[in-house]
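>>> Return atomic coordinates for the entry below.
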Amino acid sequence: MTRQSFMNLWGRVTAPLRKQNTQRHGGSHLVERHAELAEMLTYMRPAYSVAEDQFTSRFVDVLPGCEMDAFGNRYVTVGDKPRVMFSGHTDTVHSVSGRQKIFHDTELNQLFKNDTECLGADDGTGVWIMMNLIRAGVPGLYIFHQAEECGGQGSSYIAKEEKHRLDGIEFAIAFDRRGNGDVISHQAGGRCCSDAFATDFAERLGGKYKPCDGGVFTDTANYTHLISECTNLSVGYYNEHSKHEYQDLNEADELLTALLAVDWDTLVASRDPKEIDEHDWYNVEPVEIEMGYDELLQLTMNNPTLAADILFDLGCTFRDYEYAKRTSGSTFDLQVRGDVMDDGYIEDLEDDERFIKDEYDGYADIDGNRLDS
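Numbering: from 1, shown residues only. The predicted structure follows:
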């Protein structure tokens, strides 16, 4: 991409937010932050892809003092001997690498798409929050992980090969959770932080935040044997890993504002990372059992919810099922029933007025009007 075409793309993506929303959603600084997040989400960045490299080079590597390890994880340290580690990941579950069109619902102040790929707010929004905390000088060790969507490969590497970087860290806080109110106390099948910490931190964030034991997986799960309190926070995205994903900008702003007001020096760690909760299987040494296809099929049929959780952790999407169906020659009809989806899912995409087709790469408003004219 030439510099001129790049500048044209940047102008088309950022101008609509500046033009339409300065009065409706806050001052120019807030709108510039939203425009930056929207621009970040134009990158479709599967793990190890060219687009992920471009994204990381453009937004992360330019942060003051950014370092990279042999695996590709990035680190930024703010302050002297920080106690808190902030976690995000740079990859997404997109099936292809490249750029994508982003839309902005000016009434709801949400970012969304209208094609078959995910938005990538999981975890582009987490990266964006960390960038803004760094700019604000919030003390901490900031880790931008690689390959979270492939089973937490980047954090697994750190836990084994770079754990000296975690010396003195008592709290690991990820920004990689759907919704607007969860402080995760359990993920990946086990406890990741104490109830006392989850309750205290939720109170510090205020608003809708409450402790939640229904976490799935993010990179902080790989540090529970090294760090006392590990959690994951809701950042305002919904329907992640699907074409229905969207990001609520108001909720992202509310979280960022709350984080900037936290007194990080007074956090108290009470969980002993060397102690395993009686219901915690995540840090228990696994027993390797060889099984064939028939045994695995039976295990899946007997435990469908667990099997779905494992596939979700690995970033499996409906698109993967469609591909597997075509390549295997299966005649099984793959369907997703709207009535079994979460309330936040859009059952009929074609009838949703927010999903507007437009003929240029940039923003359209809810009525489909071009916003760069």
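
>>> Could you pull up the contacting residues of Met40?
Each residue near Met40 by Cβ atoms under 8 Å, 6 or more residues apart in numbering is listed here: 55, 59, 124, 127-128. Bear in mind the C-beta positions are built from the backbone N, C-alpha and C, glycine included.

>>> Of these, which is the nearest to Thr224?
Nearest to Thr224 among the contacts of Met40 is Val127, at 22.3 Å by Cβ to Cβ.

>>> Can you list the helices and strands that the helix or strand that the closest one is a member of packs against?
Assigned by DSSP states H and E, Val127 falls within helix 121-135. Here helix 121-135 touches helix 28-40, strand 74-78, strand 84-89, strand 140-145, strand 171-178, strand 229-238, strand 246-248, helix 249-261, going by 3 or more Cβ pairs under 8 Å, 6 or more residues apart in numbering; DSSP states H and E.

>>> what's in contact with the last one?
For helix 249-261, contacts defined as Cβ under 8 Å, 6+ apart pick out 25-26, 30, 33-34, 37, 109-111, 125, 128-129, 132-133, 136, 138, 175, 180, 204-207, 209, 233-236.

>>> Can you select the buried ones from these in ChimeraX?
Only the buried entries of the contacts of helix 249-261 go into this ChimeraX selection, using 16 or more other Cβ atoms under 10 Å:
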select :25,26,33,34,37,109,110,111,125,128,129,132,133,138,175,180,204,205,209,233,234,235,236
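
>>> Under the pLDDT cut-off, which ranges of the stretch 201-350 of the chain? List them.
By pLDDT under 70, the low-scoring segments of the stretch 201-350 of the chain are 278-291, 313-315, 317-350.

>>> Quick one: the helices in it, in order.
Taking DSSP state H, counting those that start in this stretch, the helices of the stretch 201-350 of the chain run over residues 249-261, 293-302, 304-313, 318-328.

>>> first to last residue in stretch 34-50, what's the distance?
24 Å (Cα to Cα, to the nearest Å).

>>> pLDDT averaged over it, what's the number?
Confidence over stretch 34-50 (mean pLDDT, whole number) is 97.

>>> So for that stretch, what gets flagged as buried?
Buried positions in stretch 34-50, judged by neighbour count with 16+ other Cβ under 10 Å: 34-47, 49.

>>> what does stretch 130-147 give?
By neighbour count with 16+ other Cβ under 10 Å, stretch 130-147 contains the buried residues 130-134, 138, 140-147.

>>> Compile those into TSV and extend it with columns for pLDDT.
Output for the buried residues of stretch 130-147, formatted as TSV (pLDDT from 0 to 100):
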residue	pLDDT
Met130	98
Met131	98
Asn132	98
Leu133	98
Ile134	98
Val138	98
Gly140	98
Leu141	98
Tyr142	99
Ile143	98
Phe144	98
His145	98
Gln146	97
Ala147	96
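
>>> got these as CSV, with distance to Gln247 columns?
Formatted as CSV, the buried residues of stretch 130-147 follow (distance: Cβ to Cβ, whole Å):
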residue, distance to Gln247
Met130, 15
Met131, 15
Asn132, 15
Leu133, 18
Ile134, 20
Val138, 22
Gly140, 23
Leu141, 26
Tyr142, 21
Ile143, 22
Phe144, 18
His145, 20
Gln146, 22
Ala147, 22
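
>>> Would you map out the domains in this protein?
As assigned by automatic domain parsing, the chain contains the domains 3-266, 293-334.

>>> Would you tell me which one of these is buried the most?
Ranked by mean neighbour count, these are led by domain 3-266 with a mean of 20 (mean count of other Cβ atoms under 10 Å).

>>> give me phi/psi at Gly152?
Main-chain dihedrals, Gly152, degrees, to the nearest 10: phi 70, psi 40.

>>> meant to ask about Phe217, not that
phi -160, psi 140.

>>> and the helix or strand containing Ala51, what other elements does it pack with?
In this assignment (DSSP H and E), Ala51 forms part of helix 50-59. Helix 50-59 is packed against strand 43-44, with contacts defined by 3+ Cβ pairs under 8 Å, 6+ apart.

>>> so what does the strand it packs on touch, helix or strand wise?
Strand 43-44 sits against helix 50-59, strand 98-99, with contacts defined as 3+ Cβ pairs under 8 Å, 6+ apart.

>>> Of the ones you listed, which is nearest Gly168?
Nearest to Gly168, of all the helices and strands packed on strand 43-44, is helix 50-59, at 25.9 Å by Cβ to Cβ.

>>> The residue of the chain most remote from its centre and Asn302, how far apart?
Checked against the mean C-alpha position of the chain, the extreme residue using Cα atoms, centre = their mean is Asp294, at a distance of 34.9 Å. Plainly put, Asp294 is 13 Å away from Asn302 if you go by Cβ to Cβ, to the nearest Å.

>>> swap in Thr218?
Noted for Thr218: a distance of 27 Å to Asn302, by Cβ to Cβ.

>>> just His164 next, same as before
42 Å.

>>> how about Gly120, phi and psi?
Main-chain torsions, Gly120, degrees, to the nearest 10: phi 90, psi 10.

>>> Can you tell me the closest non-neighbouring residue to it?
The shortest distance from Gly120 to any non-neighbouring residue, by Cβ to Cβ, 6 or more residues apart in numbering, is to Thr92 (4.2 Å).

>>> Repeat that for Thr125.
Nearest residue to Thr125, sequence neighbours excluded (Cβ to Cβ, 6+ apart): Val235, at 4.7 Å.
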